[in-house]
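Undergrad: Sequence first, then the predicted structure, then my questions.
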Amino acid sequence: MGAHDHYHGFVAAGRLEDLLRSAFPEARELTVEDRTGGGDHFQVTVASTRFAGMPLLEQHRLVNEALAEPLRDGTIHELRIKTKEAQA
Amino acid sequence: MSELSERIKGVVEREPVALFMKGTPQFVMCGNSDRALRALREAGAPVTAVDILPDPAIRQELSAAYGWPTIPQVFVGGELVGGADIVQELAESGELATILEARLGPGYREGAEERVVDVLAPAQR
C-alpha cells in the first residue's frame, strides 16, 4: 500500500465524516474509521438522541441516506455501521 | 416491472428467509455476507440465498425495490430485517430468534436447510 492510497483513504474518510456531521449535527459521538487504510472499507459509529426508540433498521437507514452519494459513486466498497441511542 | 425484479420480489415474498449475498453459502465472496450468513445459521434460520454477483442488475433492482443500498440484505417473512451489522447485532441480543419465531412460527428451525435460488433463470418450482 503506497502513500497515495493512504492519502486517498484520509480524504475519503474526511468526506464521509463531513456528510455524517451535516446529517447528524446533534451527534454525541461520530467516528469514521478507514478499516484497511485503502479508503474504501469503513466503520462508522454514530450516537444520537434521534435514535432513541427507533428500530435498528430505521437508524441504519438514516446513516445510509447520509452516505447515499459515496455509496452510489463507489467511494464506499464496504460499510459497517454502529448506531447508539444517546440519552437526551 | 422487469422480469428480474418480479423474480427478486417473488423470492422475498415466497421464501421464509431470503439472504441476498455476494457468493453462495458454499462459497462466500464477502466478509459482510459471511457475517450475515453466520448469524442466520446460529439462529437456526432456513436460509434461501441469492448470489447477486452474476449480474449487477440484481443488486440495482433489489436496492431500488427495498431502498437499501448495500449487500447483504436479509428478509424474513417478506420484510427487510437489514444488512450484516443489524443481523449480527440482533443475533447477539437474541432478538433475531424472536423475529424468526414471530414471523415464521415457533417451529421455524425444523427441517431448516440452506438453498440457493438463481433469479436470472426463469421462476423455479
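TA: Yep, that arrived.
Undergrad: Which pLDDT value goes with residue 24?
TA: No chain was given, so I picked chain A. At A:F24, the pLDDT value in this model is 98.
Undergrad: look at chain B instead
TA: Note for B:T24: predicted pLDDT of 97.
Undergrad: partner residues bridging it?
TA: On the basis of DSSP bridges, B:T24 is bridged to B:F27.
Undergrad: neighbours around it, how many?
TA: Other residues near B:T24 number 17, with proximity taken as other CB atoms under 10 Å in any protein chain shown. All C-beta atoms are positioned from the backbone trio N, CA, C, and that covers glycine.
Undergrad: Name the nearest residue to B:L40, sequence neighbours excluded.
TA: Spatial nearest neighbour of B:L40, excluding adjacent residues (CB to CB, 6 or more residues apart in numbering or on different chains): B:V47 at 5.2 Å.
Undergrad: and the one you found, what are its phi and psi?
TA: Here is the backbone geometry of B:V47 (degrees, to the nearest 10): phi -90, psi 130.
Undergrad: count of neighbours near it?
TA: B:V47 is flanked by 23 other residues according to other CB under 10 Å.
Undergrad: Thought B:V116 was touching it, still the case?
TA: No. B:V47 is beyond contact range of B:V116, at 9.3 Å (criterion: CB atoms under 8 Å).
Undergrad: any idea whether the residue of chain B found nearest chain A is helix, strand or coil?
TA: Per CB to the nearest CB, B:P69 is where chain B lies closest to chain A, at 4.6 Å. Recorded secondary structure, B:P69: coil (DSSP: H, G, I helix; E, B strand; the rest coil).
Undergrad: hang on, A:L30 in a strand?
TA: Yes. A:L30: assigned to a strand according to three-state DSSP.
Undergrad: roughly how far apart are the nearest residue to B:E42 once chain neighbours are set aside and A:V46?
TA: Among residues not flanking B:E42 along the chain, B:A91 sits closest, at 5.8 Å (CB to CB, 6+ apart). Separation of B:A91 from A:V46 (CB to CB, to the nearest Å): 21 Å.
Undergrad: which of the two has more neighbours?
TA: With neighbours defined as other CB under 10 Å, B:A91 and A:V46 compare such that A:V46 has more, 26 against 20.
Undergrad: Helices of chain A, start to end?
TA: A:3-23, A:56-66, A:68-72 (DSSP state H).
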